[in-house]
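Peer 1: Quick one: sequence and predicted model below, then my questions.
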Amino acid sequence: MSDRPKLLIVDDEPDILETLDFALRRRGFDVRTAADGIQGLNAAKADPPDLLLLDVMLPGCNGYEVSRQLKDWMASAPAARTFPILLLTARKLNLQVREEFVATWSRAEGVLYKPFEIDVLVARIRELLAERPAMHALS
């Protein structure tokens, strides 16, 4: 078993998936990918990642809904391993609206706006992974 943090990236843009997969593997992460919301939902439930990077605009089931369903699943299944979710989006909202929406609807731990620098993404991933033991204590 690898001690590299396991990431699941869900995005419907093949170029984004390929770029993030390559860049994050080079920075020491174990990466899996999914191309739509339903695939991402199923992959996260079948083999929970340490962190989920989730695009908002996805075909079939958008990222907000995938996040909410996963948070409900984690809360209702005692054996489910919890993990943070970082939404990735090009849709900009003002700070107050974004915080309220993320906190109440998707329940994701954060949002990162596209385009972003890979170093900013890696820093945010590491921050959320460092907070992970506290998440377990709350569940």
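Peer 2: That came through fine.

Peer 1: who touches stretch 26-38?
Peer 2: For stretch 26-38, contacts defined as C-beta atoms under 8 Å, 6 or more residues apart in numbering pick out 2, 4-12, 14, 17, 20-21, 24-25, 40, 42-43, 47, 49, 58-63, 65-66, 118, 122, 125. All C-beta spots, glycine's among them, are computed from the backbone N, C-alpha and C.

Peer 1: how far out from the middle of the chain is that stretch?
Peer 2: 9 Å (C-alpha atoms, centre = their mean, to the nearest Å).

Peer 1: Would you map the strands across this structure?
Peer 2: Residue ranges of the strands in the chain, as given by DSSP state E, are 6-10, 30-34, 51-55, 85-89, 110-113.

Peer 1: can you tell me which of the contacts of stretch 26-38 are in helices?
Peer 2: Secondary structure from DSSP state H places 14, 17, 20-21, 24-25, 40, 42-43, 63, 65-66, 118, 122, 125 of these in helices.

Peer 1: Out of these, which two sit at the greatest distance?
Peer 2: R25 and E65 (28.1 Å; C-beta to C-beta).

Peer 1: neighbour-wise, which of those two wins?
Peer 2: In terms of neighbours (other C-beta atoms under 10 Å), E65 is the more surrounded of R25 and E65; the figures are 16 against 13.

Peer 1: Q69 versus the nearest residue to that one once chain neighbours are set aside, what's the distance?
Peer 2: Nearest residue to E65, sequence neighbours excluded (C-beta to C-beta, 6 or more residues apart in numbering): G37, at 6.9 Å. To Q69, G37 is 9 Å away according to C-beta to C-beta, to the nearest Å.

Peer 1: ok, back up a step: can you tell me which of the ones in helices among the contacts of stretch 26-38 are buried?
Peer 2: Neighbour counting over the ones in helices among the contacts of stretch 26-38 (16 or more other C-beta atoms under 10 Å) leaves 17, 20-21, 24, 40, 43, 63, 65-66, 125 as the buried ones.

Peer 1: quick check, nearest of the residues you listed to W73?
Peer 2: Of all those, W73 sits closest to V66, with 10.5 Å by C-beta to C-beta.
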